[in-house]
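Trainee: Need the 3D shape of this:
(one chain, ligands or ions: 1)
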Amino acid sequence: MQFFPVYSLFDVEPVRGRGCHLYTADGRRWLDLYGGHGVISIGHAHPRWVSALVDQAQALPFYSNSVRNPLHAPLLAAFERLTGLSDYQLFLCNSGAEANENALKLASFYTGRRRVVAFEAGFHGRTSAALQATHNCAAKAPINGGMPVTYLPLNDAEAVAEALAAGDVAAVIVEGIQGIGGVHLPEPAFLQAVRRLCTEHDVPLVLDEVQSGFGRSGRFFAFEHAGIAPDLITMAKGMGNGFPVGGVLIHPRFEARPGLLGTTFGGNHLALAVVTAVLETLEQEGLMAQAEKTGRYLMDALADMEGVRAVRGRGLMIGIELDEAAAPLRKHLLYQHRIFTGSASDPNVLRLLPPLCMGLAEAQYFLDRFEQTLATRKTITA
Ligand SMILES: Cc1ncc(COP(=O)(O)O)c(C=O)c1O
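Mentor: So this is what the prediction gives:
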């Protein structure tokens with residue numbers, strides 16, 4: 001038997017991780033500026049994360065959502081402290097796509113409508129409704145075509161106003177920062193206008209914080225930079241620091257009833273223990289401030305480099321737009337300098353999503369080697 005070959009592979013086999021480094025079996029160290037698709041938030045194998053997982057595995061790894069659970073209270077308290085959204089409610093699931101699927105479903109229940117407004121270059125996952133809301137994705141199968149979607153240019157508030165005026169929209173979904181599309185930021189004024197329009201038309205605003213959330217942007221959620229409050233907030237990736245978990249934060253206006261949403265594994269004991277440990281670590285180690293500081297340092301230095309056309313991002317979610325294809329440089333960084341970086345659907349963009357514990361020394365280590373790589377790029381691409 002073999003695995004269904006849907007992933008392209010790099011020729012590296014990490015077997016151990018610590019902080020923002022990976023190690024291969026021969027003891028070689030690799031700097032991880034990608035965090036396995038932006039998943040590693042507090043750091044690879046963080047001791048607190050390991051203890052939370054091991055202690056819970058020894059006590060009770062799983063029971064269903066049909067019993068009381070002593071892990072609920074500490075998790076909700078940590079969420080309240082970090083988000084300030086004390087009147088929102090939490091639904092836990094297993095991935096980012098599933099979080100978006102449930103958020104869109106709640107919006108559709110609420111409005112009784114089907115159409116979703118999404119944005120060009122946006123990505124929301126590979127399950128049915130999440131995939132349909134994703135712009136321009138080659139993974140769309142005929143079976144995914146059921147939900148009508150209007151794709152609009154990001155940062156075009158007038159287009160949103162026009163779309164909502166039609167009166168058939170169930171939800172507006174937007175990423176806190178567009179990730180896979182090439183790291184594009186929704187402007188604060190745009191998010192504020194969309195918030196106003198959604199309120200005016202009573203259409204739920206879904207903020208997809210699957211990639212940009214959990215401290216990555218320097219704030220807990222990226223939308224906080226715009227000072228707005230969404231109706232539904234979806235999360236995954238950094239939430240579990242490698243443990244598969246997703247969630248939706250739900251404004252109190254959405255009514256629940258048993259069976260409305262549900263999943264067997266959502267909110268299992270291991271996930272609850274791990275997410276609480278991630279939240280407490282973000283808080284106690286000041287990782288959001290660190291992401292902001294290291295991100296600023298990186299972005300300032302990158303902006304001055306020859307061959308860099310633009311640098312976009314916030315905190316440790318950074319897109320480097322080059323004046324040529326990024327893939328050869330990415331390979332060079334990986335094999336010559338042992339540095340992991342990410343790609344984007346824009347072929348000229350290199351994406352950085354390092355663990356939030358990355359400091360200035362590691363940032364400088366990358367900058368030196370990246371500048372060297374840019375200087376020799378004519379030979380690399382030849
Ligand atoms: C913004 C955003 N939303 C949703 C998803 C889907 O998450 P998952 O792969 O956990 O289903 C992703 C994955 O990259 C993402 O970047």
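Trainee: residue ranges of the strands in the stretch 1-150 of the chain, please?
Mentor: Applying DSSP state E, counting those that start in this stretch to the stretch 1-150 of the chain gives strands spanning 14-18, 21-24, 29-32, 89-93, 115-119, 149-152.
Trainee: Pick the most deeply packed of those.
Mentor: Comparing those by mean neighbour count (mean count of other Cβ atoms under 10 Å), strand 115-119 comes out on top with a mean of 24. All C-beta atoms are positioned from the backbone trio N, CA, C, and that covers glycine.
Trainee: Work out the sheet partners of it and label each with its direction, please.
Mentor: Here strand 115-119 is paired, per DSSP bridges, with strand 149-152 (parallel), strand 169-175 (parallel).
Trainee: For that strand, what is the distance to the chain centroid?
Mentor: 19 Å (Cα atoms, centre = their mean, to the nearest Å).
Trainee: where's E162, which helix or strand?
Mentor: Here E162 sits within helix 157-165, counting by DSSP states H and E.
Trainee: mind checking the backbone torsions on whichever residue of the stretch 251-382 of the chain sits closest to the ligand?
Mentor: Here the stretch 251-382 of the chain gets closest to the ligand at one residue, L353, 9.6 Å apart by Cβ to the nearest ligand atom. Backbone torsions for L353, taken as degrees, to the nearest 10, come to phi -140, psi 60.
Trainee: try H184
Mentor: Main-chain torsions, H184, degrees, to the nearest 10: phi -110, psi 130.
Trainee: out of everything not next to it in sequence, what's closest to it?
Mentor: Residue nearest to H184 in three dimensions, not counting chain neighbours: Q178, with 4.1 Å by Cβ to Cβ, 6 or more residues apart in numbering.
Trainee: How about E283?
Mentor: Nearest one to E283, counting by Cβ to Cβ, 6+ apart, is L82 at 6.3 Å.
Trainee: domain assignment for this structure?
Mentor: 14-46+286-381, 47-284 (automatic domain parsing).
Trainee: Straight-line length of the last one, end to end?
Mentor: For domain 47-284, the first and last residues are 14 Å from each other (Cα to Cα, to the nearest Å).
Trainee: Does it reach the ligand?
Mentor: Yes. Against the ligand, domain 47-284 shows contacts by Cβ under 6 Å from any ligand atom at 95-97, 100, 123-125, 175, 179-180, 208, 210-211, 236.
Trainee: what is the rounded mean pLDDT of that domain?
Mentor: In this model, domain 47-284 has an average pLDDT of 96.
Trainee: can I get the residues of domain 47-284 next to the ligand in CSV with neighbour count?
Mentor: CSV is the format used below for the residues of domain 47-284 next to the ligand (neighbours: other Cβ atoms under 10 Å):
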residue, neighbour count
S95, 21
G96, 29
A97, 23
N100, 30
F123, 27
H124, 31
G125, 25
E175, 29
G179, 28
I180, 22
D208, 33
V210, 29
Q211, 28
A236, 27
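Trainee: Now intersect these with the helices, please.
Mentor: 96-97, 100 (DSSP state H).
Trainee: Doesn't Q290 belong to a helix?
Mentor: Yes. Assessed by DSSP: H, G, I helix; E, B strand; the rest coil, Q290 belongs to a helix.
Trainee: Now do it: how many residues are near it, please.
Mentor: Counted by other Cβ atoms under 10 Å, the residues lying close to Q290 total 20.
Trainee: from what I can see it touches P355, true?
Mentor: No. Here Q290 lies out of contact with P355, judged by Cβ atoms under 8 Å, at a distance of 10.1 Å.
Trainee: For the helix holding E162, name the packing helices and strands.
Mentor: Here helix 157-165 touches strand 115-119, strand 149-152, strand 169-175, helix 188-201, going by 3 or more Cβ pairs under 8 Å, 6 or more residues apart in numbering; DSSP states H and E.
Trainee: List the buried residues in it.
Mentor: 157, 159-160, 163-164 (16 or more other Cβ atoms under 10 Å).
Trainee: what sits against the residue nearest to H184?
Mentor: Residues near Q178 by Cβ atoms under 8 Å, 6 or more residues apart in numbering: 119, 121-123, 154, 184-186.
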